[in-house]
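In: sequence? don't have it. structure:
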């Protein structure tokens, strides 16, 4: 009989084992969950740490680019005056040498022809390799078909030989059955003659 209605009432002798297993299960689950939470935090921290350097470099580049294009107001006026003075005193003049242009054009044409030839040779080699592979496959298929046809011809010749042998055997059986009644008739005549001689 169970005494009491509390969870710790002693209904049998093995209730302490159930409580012990429940406590072990709860402790193990809590430890595993805490470890999982720490692992997730560590993963998030590592991903942020890996991206922080790139993010810092991008922000620094944006800041430098912003100050290069538009400086703050006290310095922007002097910077623009300096740029105008520089363009007025030292204008940029582009001198194009026709000989140099022709050399560059010839170099580009030579480069284009060389690479075009390499590309065409590679394409022809791939096509030739594909054709050789297809021919090899066709040759294999034809070889297998020829071997099958030779085996079929040998089987047909063997069937013909068997048919001829069976025909000869049937002719011999038919011939033997045709000679058998005459032999039995001669035996019957001889037996009747012997019987008549014995009666005389």
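Out: Structure's in. What do you need? This is a predicted model, so every value here is computed, not measured.
In: Tell me where the model's unsure across this structure.
Out: Counting by pLDDT under 70, the low-confidence segments of the chain come to 1-15, 69-76, 92-100, 179-200.
In: mind running it again at 50?
Out: 1, 183 (pLDDT under 50).
In: Scan it for its longest helix.
Out: Among the segments of the chain that qualify as a helix by DSSP state H, the longest is helix 98-199.
In: Report the distance from it to the chain centre.
Out: How far helix 98-199 lies from its chain's middle: 36 Å, per C-alpha atoms, centre = their mean, to the nearest Å.
In: Can you give me the neighbour number for residue 79?
Out: Residue 79: 13 surrounding residues under other C-beta atoms under 10 Å. Every C-beta, even on glycine, is put in place using the N, C-alpha and C of the backbone.
In: List the buried residues of the helix or strand hosting it.
Out: Under DSSP states H and E, the secondary-structure element containing residue 79 is helix 73-89. When neighbours are counted by 16 or more other C-beta atoms under 10 Å, no buried residue of helix 73-89 is found.
In: by contact count, what packs against that helix?
Out: If contacts are counted by 3 or more C-beta pairs under 8 Å, 6 or more residues apart in numbering; DSSP states H and E, helix 73-89 sits against no helix or strand.
In: Use 894 as the first number for this chain going forward.
Out: I'll keep to 894 as the first residue from here, and by that count the last item is helix 966-982.
In: Residue 1052 and residue 1045: what is the separation?
Out: Taken as C-beta to C-beta, to the nearest Å, the spacing of residue 1052 relative to residue 1045 amounts to 11 Å.
In: Let me fix that, I meant to ask about residue 939.
Out: Computed as C-beta to C-beta, the residue 939 to residue 1045 distance reads 72 Å.
In: any idea how far residue 923 is from residue 917?
Out: For residue 917, the distance to residue 923 under the criterion C-beta to C-beta works out to 11 Å.
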